[in-house]
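S.K.: Could you look at this predicted model? Sequence included:
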Amino acid sequence: MTSVSRVLVQGGGIGGLVAATALARRGVHVDVVEHRPPGSVLGVGLNQPGNALGVMEEIGVLDECLRAGYQFSDLRMAASDSSTMVDIPPSLFQGMPPNNAIQRAELCRVLLGAARDAGARLHHGSTIASVSEGPGGVDVTFSAAMADAAVPANGRYDLLVGFDGIRSQVRRHLFGDRYDAEYTGFACWRISLPRPPELDRIVYALAGSIKATLIPLSETSCYVALVVPEESIRPRPSSAQIVERIQSLLGEFSGWIGELGGTLSEKAPAAYSPIEQVTVDEPWYRGRIAVAGDAAHASSPHMAQGAAMAAEDAVVLARCLDASDDLDEALRSWWERRMPRAGFVQQYSAALLRTESGTPTEQDRRMLEIPMPAAHARLAEPY
Ligand SMILES: Cc1cc2nc3c(=O)[nH]c(=O)nc-3n(C[C@H](O)[C@H](O)[C@H](O)COP(=O)(O)OP(=O)(O)OC[C@H]3O[C@@H](n4cnc5c(N)ncnc54)[C@H](O)[C@@H]3O)c2cc1C
């Protein structure tokens, strides 16, 4: 890798930590600035489909992820009374389990360990204060996002990558407010709870305009995510308000799914997320600065592929930087490879979201002519 020897990653989430690991393992000096404290994780659990597991293998943490998670194969669609409508067979990912559901906190622990072991330097509680780019590099100063953070004063890098999520500061630096996140008009409410015996795979169930996704996380625990139309983004709800909202939404289901409402605890990990979309409609980089993951292409969670796409962006970036001595050529081949795949996930997920809520567009109808198994099979192709 001759075009870059020093890289700054802003954002120590899933994509940022995978990028830090993949680059540091190739001998690159990597600094990661993350404005939250170490181990503070938003959300509950997530599903790693086989393509995400391929990335975990590439950075050397597949076995750890599988040990920490729960593997299952097919997907089930259920009715609002919890009865099975159809089982969708798994996609075949070469040598990988089709799905591994994992607590977000566990995935974060595994990825932090991998990045540190690879030699990346992680700076929690800090963020970029200023950026200026010249022909020889990107000059950055840092500031503390937490009072007690030990923040490096400044640094010069060959490349700055913003894996800083849906409200990316790096994206704003590159493009102003042109690609700010757009609210889809839907929210997602999530909580961990004891796993019922009926849940041995992902189950999707619809009750009117409410979509429940139930995902086993271990022999004893699972989580439920409920997507529902909501006019506007709420100010941050408390744990008690989240539990109350989830109980009322589960009340729209009967059978074993409806009964889950009686098993919720305010102490369990829980989250409210407005569903927002980001579509950077031009190359995800300029000069020595790039954005990736949710910062470039956040999508609704209907294919359970957002984190997988961020992780793929990260390892493909490392491979492209390896393959070319010319930074611009490396970034262009990275973007050309990533953009169609991430765009497909985004468009298919948005089509599912609108169709399930009864408001599909003509373009959504055309998109969903690709049946879900075929859409998943497309993602089983090499990233
Ligand atoms: C309800 C829901 C369910 C989902 N389920 C799945 C699933 O099952 N499978 C799946 O693959 N995906 C799923 N996703 C999508 C997935 O969570 C995201 O796509 C993924 O987290 C994106 O990774 P990222 O690294 O790009 O961004 P993030 O994970 O958001 O990480 C961004 C990081 O940057 C940090 N940061 C932000 N701003 C700054 C700043 N100014 N300075 C320093 N640090 C900063 C943040 O603190 C954060 O740590 C789901 C999403 C939602 C909303």
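M.R.: Cool, got the structure.
S.K.: So for stretch 223-234, what gets flagged as buried?
M.R.: 223-230 (16 or more other C-beta atoms under 10 Å). Yep, even glycine has a C-beta here, placed from its N, CA and C like the rest.
S.K.: Closest one to Arg178 out of those residues, please.
M.R.: Glu230 (25.7 Å; C-beta to C-beta).
S.K.: if I pick that closest one, what's in contact with it?
M.R.: 185-187, 274 (C-beta atoms under 8 Å, 6 or more residues apart in numbering).
S.K.: Skip the chain neighbours and tell me the closest residue to the spatially most central residue of the chain.
M.R.: Central residue of the chain (C-alpha atoms, centre = their mean): Ala307, 2.5 Å from the mean position. Of all residues not flanking Ala307 in the chain, Ile14 sits nearest, at 4.6 Å (C-beta to C-beta, 6 or more residues apart in numbering).
S.K.: how many neighbours does the one you found have?
M.R.: Per other C-beta atoms under 10 Å, the neighbour tally for Ile14 reads 28.
S.K.: ok, it touching Glu312?
M.R.: No - judged on C-beta atoms under 8 Å, Ile14 makes no contact with Glu312 at a distance of 10.8 Å.
S.K.: Now do the buried residues in the longest helix seen in the chain.
M.R.: Looking across the chain with DSSP state H, the single longest helix is helix 327-356. By neighbour count on 16+ other C-beta under 10 Å, the buried set for helix 327-356 is 327, 330-331, 333-335, 337-339, 341-342, 344-356.
S.K.: quick one: low-confidence parts of the protein?
M.R.: Along the chain, the model assigns pLDDT under 70 to residues 1-2, 146-149.
S.K.: Could you show which parts of it are in contact with the ligand?
M.R.: 10-16, 33-36, 46-47, 52, 127, 163-165, 169, 188, 190, 225, 273, 293-295, 301, 304-308, 310 (C-beta under 6 Å from any ligand atom).
S.K.: can you tell me which of those residues are in strands?
M.R.: Judged by DSSP state E, the residues of the chain next to the ligand include 10, 33-34, 46-47, 127, 188, 190, 225, 273 as members of strands.
S.K.: now the residues you listed in JSON lines, with distance to Ile242?
M.R.: Below are these laid out as JSON lines (distance: C-beta to C-beta, whole Å):
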{"residue": "Gln10", "distance to Ile242": "29"}
{"residue": "Val33", "distance to Ile242": "30"}
{"residue": "Glu34", "distance to Ile242": "25"}
{"residue": "Leu46", "distance to Ile242": "18"}
{"residue": "Asn47", "distance to Ile242": "21"}
{"residue": "Thr127", "distance to Ile242": "28"}
{"residue": "Cys188", "distance to Ile242": "11"}
{"residue": "Arg190", "distance to Ile242": "8"}
{"residue": "Ala225", "distance to Ile242": "12"}
{"residue": "Ser273", "distance to Ile242": "11"}
